Each structure stands twice: as structure tokens, then as C-alpha cells.
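1. the sequence and its predicted three-dimensional model are supplied below.
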Amino acid sequence: MQYSTTTAKPSNRHVDCLIVGIYAGDTLGNGAGDVDQSSRGKIKRLIKSGDLSSKLGHCTVLNDIDGVRAPRVAVVGLGKQQAFSAKQFQTAVTAALRAISGSKCKSVLNCLTLEPVENASGYYLARYTAQAVASVLYRFTQMKSGKQPATSSLRRIELSLANRSGAAKAMLGLEHGDAIGFGMSLTRDLGNLPANICTPGYLARSAQKLARDNKLLHTRVLGETEMKRLGMHSLLSVSAGSNEPGKLIVMQYKGGGKQKPVVLVGKGVTFDTGGISLKPGPAMDEMKFDMCGAASVIGTMATVVRLKLRINLNVIVPTVENMPSGTATRPGDIVQSMSGQTIEVLNTDAEGRLILCDALTYSRRFKPDTVIDVATLTGACVVALGHHRTGVMSKNNQLAASIVAAGEVAGDYAWQLPLDDEYAELLQSNFADMANIGGRDGGAITAGCFLAKFTDGLNWAHLDIAGTAWASGKQKGASGRPVPLLTEFLLARSGALP
Ligand code: BES
Ligand code: MN
Ligand code: ZN
């Protein structure tokens, strides 16, 4: 995609389509105002006749308007003007792009960047635009037979600016948004691939491919023999029932000199049957998405590498397949984790924490500044927060707050859940140092408490993305979240934000 900015009057601009917006109460956005004037009141007349909707995200494409050079004008509803903020901007620009993505448009001028948005600078409006382009154009067709038609004719996106002074920041926003879109698309591809293709070995090869031809990035993959030597028996107890060998993927990006690294740990269960504690049949296919944490940290790494951020970032992906078999772990089995602590596996379906705990212990060797794990960890988190916000847990409330804040500006929403000691008591075991489940109540939190037992002394946070990593039903597919949140967090640290 080509990106640029322009200060030309929208109606004078020779592009295939303009995107303009109208607010509730017959108020025209700046782009719509220009189109209306140049066409002697066409927009206002269409509003009067009820042919244009100002409802947020409703879009009508008009053709051949007199006085307007562009042959198409996509008029998108912006809702109430007082309520128009970053979130509404993202909804509107996504809806407009979706409305024209199937057409023959090659070039588009987005005039919504002329609107004043209270809680977002021009940099962010540009970034949201580029990210929306990537998400609207995303298709997953690799598993369909036959030749797939081109997804869209869109080649060029221009942003309308009031004056040249904001151009550099807008271009930076476009570059960042494009890179976030790239990382999200990789995350979605890895998530959408079926478990017979996307095995632990496949994830490892994908991580190695990213490091090829990149001097700043190095990928290492540990096999089961090496993990056994390190004492990762908790992780290995999950892969024990599968014919696919488990792996530990370690990616190291060095763009920050001597700084302490941020470590991202992603749950990579390529398929979660539940093991001997077998899951019920309905929708079990969706457990191919149980590696979306892994996919999102690999995708975030891809974004960071593309932007050459001046930080040190390590990604650790424990990846296994959770299967029932004669060699599988049984309920009641006791395993020793790399930390030395013993775990009674009361439920083999609570496997994510069993692989994460060893990966978190492994992260200590990097003397990290911050460790964040990302996991489709609990159905309970979906009950608590639904599909809109990711769960954030940390013993460090400041770290949790900065993660939630990063999600807020990135449009990738999260919410903190508590980790009080009282919840951790539910993990008590009669036979080992701890059990791997704490019962039904507060399930997202007791899972967080389990992980906290392995992160003593680390500046650590846990993201439960069980509700946000993918959509079910007709729109079934990976979302690419929380790549925007994680990237925003890293951009803020690296001083790359304007
Ligand atoms: N991968 C699942 C969590 C999950 C379930 C995510 C459904 C999204 C949708 C995880 O491994 C799991 O099975 N968790 C159990 C934990 C329980 C046994 C304590 C759960 O949430 O039911
Ligand atoms: Mn499970
Ligand atoms: Zn799982």
C-alpha cells in the first residue's frame, strides 16, 4: 500500500474515492462540507431526502457528483458530534473502507482526518487509518483450493490534512499503523491455520523465518531433550500425550543497546483437546486458536522488527499439543516445574498455565525489565469480560495501569482483574506444592495466581485473551489482538511516539 498526505481541497483531488463524514443533526464534517459546497448543496439535499445516514458506521457510496473530481464519494455516519472520539473514528473509517473494498477503487482520500477528535492526535488518526486498511483487506484463503481472486484493487491511501504542519506526524502514524497491520495479519494467519498444519514445529519454523536475513533478530528453538535437561517437566507433561513434540521458541531482538529487555511470553497450545480431562464436543474446533497468545507475541515481534524500534525485546513461546493418549498425563499426576515447585495436575485441561510457568521461569535468564505473558487461558475470563476487553492481571498495579492505558489509545481494550492472596489459597493441594486448578469461581484470577507463584521478584503482568483473540460464529476467525496494545506499550517505552 502507498500512503501519503495532502492539503488539497478534497473536491479538487483526483482520486477514485473520497471518504467524508456526516454527524447527527444535519451537521457536515469538513470533507462533506467541501463536497456540499462544490456540488451546490447535494449532500444537504440527500440528507433532507433521507438518503444518507448519520448513524455511526452507516455508509453510502455516491457516484459522479457535479463539482467533485473524484468519481465516488463514500459518505459515512459519524454519530453525535460531541461523542466523536478515537473509537468512533476507527469505527467510521473501517466501515467506509469496507463499503468500498469490493469496488474497483485504486486510490482513496480519507477526509475524516480533517475532523477534530478530542482524544487523538493526527498521528493516531493516521495510524488508525492504516491499521483499518490492513484489517479490512485481510483475507485467509491459503487453505482454499483453486486460484483466489485478488482481494481488492486498493493501492493508494491519502490523508486529508488542514495544513502541512501535521504531515510528518501523519506519515509516522501511517508507517506505524501499517506495521501493526502487518503484525496483526501474521497473528491472524497463524491463528486461523488448522492444527494439522500449525503444529509446534510450524510455529517454530515461522519464528525462524522472521529472523532470516535480519541481523537484529535471532531465533532459537529448544526441543524436548533440551527442555528435559532444563527441568521443564510441567511443560513436558502437557505434550506427553501428543505425537507432536513440544518446543520452546526463543526470539531475541536487539535494537536497544544495553537496556534490559522486555520479554513477551505467548501460550502456544496448537490444539487443546483438554487431554484426559477431555473437552465436550461442541465448538472444539475453536481450540485450534489456543495458540493465539503465541501468534500475537510473534506478530508483535514482526511489527517491532519492521519498525526497527530502539528496544530489546525477547519473545518466548512454549508450544505443545494437548492430546489424550496412553502416554498422556493423568488427573492426579504430580510434576516438578523448572522452578522446583511441584504441581498436582487435577485437571489436564488447565494446561496453559503448566506450559507458561516453565516459560516464565526460563525468562529469568534474560534479567528482564518487564515480563508480559499472553494467553487464551480461561473460559472464566470470557464469562467475566466477554469478547470486548482482554483481562490484565499483575501484582504491580502501575504496570497493569500502563497496559490498560496502552490498550485504550490503541483501540485494543483491556481491563484489570485483581490478584489478591485470598484467591491463591484456592490452589492448595494435599499432595504437592500447589494444584493446577482453583475451582470454578474466579477462574481467570486463580489462573493468574498460579502464574504469580512463578514470577516472584519479576515485574510481570498476565493478559488473558480467551475472549478477544478470535471470533466465533459466522465471522469465525482470529482477531490479531492484542498486537495493537502490545505495540503501543513498546512504542511508548522506546520513545518512538510523537
Ligand atoms: N484454552 C482453554 C481456555 C479457553 C476455553 C479459552 C474456551 C477460550 C474458550 C484452557 O486451556 C482451558 O481449558 N481452561 C479451563 C480451565 C479449567 C479446567 C480450570 C477452562 O477455562 O475451562
Ligand atoms: Mn485447556
Ligand atoms: Zn488451553
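-> That came in fine, so what should we check first? This one's a predicted model, so the numbers in the text were calculated from it and none came from an experiment. Ligands and ions are numbered 1, 2, ... in the order given.

2. just give the nearest non-adjacent residue to whatever residue of the stretch 1-150 of the chain ends up closest to ligand 1, would you?
-> As assessed by CB to the nearest ligand atom, ligand 1 sits closest to Phe140 within the stretch 1-150 of the chain, at 19.5 Å. Placement of C-beta: from N, CA and C, glycine included. Closest residue in space to Phe140, ignoring its immediate chain neighbours: Asn192 at 4.5 Å, by CB to CB, 6 or more residues apart in numbering.

3. one more: Leu203?
-> Nearest to Leu203 is Thr319, by CB to CB, 6+ apart, at 5.1 Å.

4. what's the burial count for the one you found?
-> Around Thr319 there are 30 other residues, counting by other CB atoms under 10 Å.

5. break down the stretch 1-150 of the chain into its strands, ranges please.
-> Ranges of strands within the stretch 1-150 of the chain are 2-6, 17-23, 27-28, 59-63, 72-77, 107-110, based on DSSP state E, counting those that start in this stretch.

6. what helices or strands is the last one leaning on?
-> Counting by 3 or more CB pairs under 8 Å, 6 or more residues apart in numbering; DSSP states H and E, the packing neighbours recorded for strand 107-110 are strand 17-23, helix 86-101, strand 156-160.

7. which of these sits most buried?
-> Mean neighbour count (mean count of other CB atoms under 10 Å) peaks for strand 17-23 among the helices and strands packed on strand 107-110, with a mean of 28.

8. relative to strand 72-77, how tilted is that one?
-> 20 degrees (axes from the mean of the first three to the mean of the last three CA atoms, to 10 degrees).

9. who does strand 17-23 touch, helix- and strand-wise?
-> Counting contacts by 3+ CB pairs under 8 Å, 6+ apart, strand 17-23 packs against helix 30-38, helix 42-48, strand 72-77, helix 86-101, strand 107-110.

10. dump those into TSV; add mean pLDDT and distance to Gln2 as well.
-> TSV is the format used below for those (pLDDT from 0 to 100; distance: least, CB to CB, whole Å):
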stretch	mean pLDDT	distance to Gln2
helix 30-38	98	20
helix 42-48	98	28
strand 72-77	98	19
helix 86-101	97	15
strand 107-110	98	8
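
11. next SSE downstream of the strand of greatest length in the chain?
-> Under DSSP state E, the strand in the chain containing the largest number of residues is strand 312-322. The C-terminal neighbour of strand 312-322 among helices and strands, as given by DSSP states H and E, is strand 333-336.

12. and that next one, what does it pack onto?
-> Using 3+ CB pairs under 8 Å, 6+ apart, the elements in contact with strand 333-336 are helix 233-239, strand 342-345.

13. contacting residues for the residue nearest to Asp333 when sequence neighbours are not counted?
-> Using CB to CB, 6+ apart and skipping the chain neighbours, the partner closest in space to Asp333 is Val345 (5.0 Å). Residues near Val345 by CB atoms under 8 Å, 6 or more residues apart in numbering: Ser237, Thr329, Arg330, Pro331, Gly332, Asp333, Ile334, Val335, Leu354, Asn436.

14. apply 10 Å and report the result again.
-> Residues in contact with Val345 (CB atoms under 10 Å, 6 or more residues apart in numbering) are 234, 237-238, 275-277, 329-335, 351, 354, 429, 432, 435-437.

15. so which of those also contact ligand 2?
-> Applying CB under 5 Å from the ion to the contacts of Val345, one finds that Glu351 fall near ligand 2.

16. quick one, which of the contacts of Val345 are buried?
-> 234, 237-238, 275-277, 329, 333-335, 351, 354, 429, 432, 435-437 (16 or more other CB atoms under 10 Å).

17. one step back: dump the helices and strands packed on strand 333-336 to CSV, plus mean pLDDT.
-> Formatted as CSV, those follow (pLDDT from 0 to 100):
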stretch, mean pLDDT
helix 233-239, 99
strand 342-345, 99
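
18. would TSV of the helices and strands packed on strand 107-110 with distance to ligand 2 be doable?
-> Conversion of the helices and strands packed on strand 107-110 to TSV gives the following (distance: least, CB to the ion, whole Å):
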stretch	distance to ligand 2
strand 17-23	43
helix 86-101	33
strand 156-160	41
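
19. who wins for proximity to Arg389 among these?
-> Nearest of these to Arg389, taken as CB to CB: helix 86-101 at 12.8 Å.

20. for the residue of the chain found nearest ligand 3, give its distance to Asn459.
-> Closest contact between the chain and ligand 3, by CB to the ion, is at Asp272 (3.7 Å). Separation of Asp272 from Asn459 (CB to CB, to the nearest Å): 29 Å.

21. which of these two has more neighbours?
-> Using other CB under 10 Å, the more surrounded residue of Asp272 and Asn459 is Asp272, with 26 against 17.

22. what sits against the more buried one?
-> The neighbourhood of Asp272, defined by CB under 10 Å, 6+ apart, consists of 195, 238, 279, 284, 286-291, 320-323, 348-349, 351-352, 376.

23. buried ones from these, can you make that a ChimeraX selection?
-> Here is the ChimeraX command that selects only those of those that count as buried (16+ other CB under 10 Å):
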select :195,238,287,288,289,290,291,320,321,322,323,348,349,351,352,376
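
24. near ligand 3, which residues of the protein are found?
-> Contact residues (CB under 5 Å from the ion) of the chain with ligand 3: Val269, Asp272, Asp290, Gly352.

25. and the first one, how far from Ala295?
-> Counting by CB to CB, the gap between Val269 and Ala295 amounts to 11 Å.
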